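>>> Below: sequence and its predicted model.
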Amino acid sequence: MAVLDIALMGNPILARPAAPVEDPTDPQVSELVANMLETMVAAHGVGLAAPQVKQGLQLVVFEVPAERLAEGRALPLTVLFNPVIEALDEAMDEAYEACLSVPGLTGRVPRWRHIGYRGLGVDGKVIEREAIGFHARVVQHECDHLLGRLYLTRMPDLASLAYGQELRRLVQAEGEGL
Ligand code: NI
């Protein structure tokens, strides 16, 4: 296994649509998955998409810790190939997002609150789930990478774009959590 180099904003692979994966059980694909998981952990990310490690494939990995979820249930480590998302109602939430390909920055992005998503797992079997809140946000953010979209292109107002370090400093000064 290896920690992979992360493509930063400006790398054309981040702006290109990714290709479907024909066989998730292919050994080369399994090696890519193992390396992406190691890279995500090393970078302290909650999600990573294959274009971020310079592979133009429809593959995302994510793991959501319990403390990030309103429902209080952790989302287990998920590997998803060829994902498709649909909004299950009209409601949207706006919250801060960050991205390993845009280090240091954070900005407010509207996302569907309640979605269904479907794709293939590492064993090639169908994974089909519903997601709300932060779980739904992570899935939408990662799947956007497969469309060649970074969160900045979903921001209705670039005025909320900020350095995370600066926001944390302000929050600490006010003595409340972000
Ligand atoms: Ni990202």
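Now that the structure is in, tell me what you want to look at. Predicted model only: the values in this text are computed from it and were never measured.
>>> State the mean pLDDT of stretch 126-137.
Taken as a whole, stretch 126-137 has an average pLDDT of 94.
>>> Please spell out which residues along it are buried.
127, 131, 132, 133, 134, 135, 136, 137 (16 or more other C-beta atoms under 10 Å). Any C-beta I mention is one placed from the backbone N, CA and C, and that applies to glycine too.
>>> and the longest strand for this protein?
Secondary structure of the chain per DSSP state E: the longest strand is strand 75-87.
>>> With residue 165 as the reference, measure out to residue 32.
Going from residue 32 to residue 165 by C-beta to C-beta, to the nearest Å gives 32 Å.
>>> now residue 75, nearest residue through space, not along the chain?
Spatial nearest neighbour of residue 75, chain neighbours left out: residue 64 (3.8 Å); criterion: C-beta to C-beta, 6 or more residues apart in numbering.
>>> swap that for residue 142, sorry
Closest residue to residue 142 apart from its sequence neighbours, by C-beta to C-beta, 6+ apart: residue 60 at 4.0 Å.
>>> Could you report the distance from the one you found to residue 91?
From residue 60 to residue 91 the distance is 23 Å (C-beta to C-beta).
>>> Which one's more surrounded, these two?
Neighbour count, other C-beta atoms under 10 Å: between residue 60 and residue 91, residue 60 has more, with 29 against 10.
>>> On the three-state scheme, the more buried one is what?
strand (DSSP: H, G, I helix; E, B strand; the rest coil).
>>> so it bridges to which residues?
Note on residue 60: beta-bridge partners residue 49, residue 80, judged by DSSP bridges.
>>> Which pLDDT value belongs to the residue positioned nearest the centre of the chain?
For the chain, the residue nearest the mean C-alpha position is residue 142 (3.0 Å; C-alpha atoms, centre = their mean). The per-residue pLDDT reported for residue 142 equals 98.
>>> pretty sure it contacts residue 46?
No. Shown here, residue 142 and residue 46 do not form a contact pair, counting by C-beta atoms under 8 Å, at 9.1 Å.
>>> which neighbours do those two share?
Common neighbours of residue 142 and residue 46 (criterion: C-beta atoms under 8 Å, 6 or more residues apart in numbering): residue 62.
>>> what's the longest helix in this protein?
helix 27-42 (DSSP state H).
>>> which secondary structure elements does that one contact?
Here helix 27-42 touches strand 47-49, strand 59-64, strand 75-87, going by 3 or more C-beta pairs under 8 Å, 6 or more residues apart in numbering; DSSP states H and E.
>>> Could you rerun that using 6 Å?
The contact analysis (3 or more C-beta pairs under 6 Å, 6 or more residues apart in numbering; DSSP states H and E) places helix 27-42 against strand 59-64.
>>> Now do the helices in the protein.
Using DSSP H, helices in the chain cover 27-42, 133-146, 164-174.
>>> So which of those is nearest residue 112?
Among the helices of the chain, the nearest to residue 112 by C-beta to C-beta is helix 133-146 (6.2 Å).
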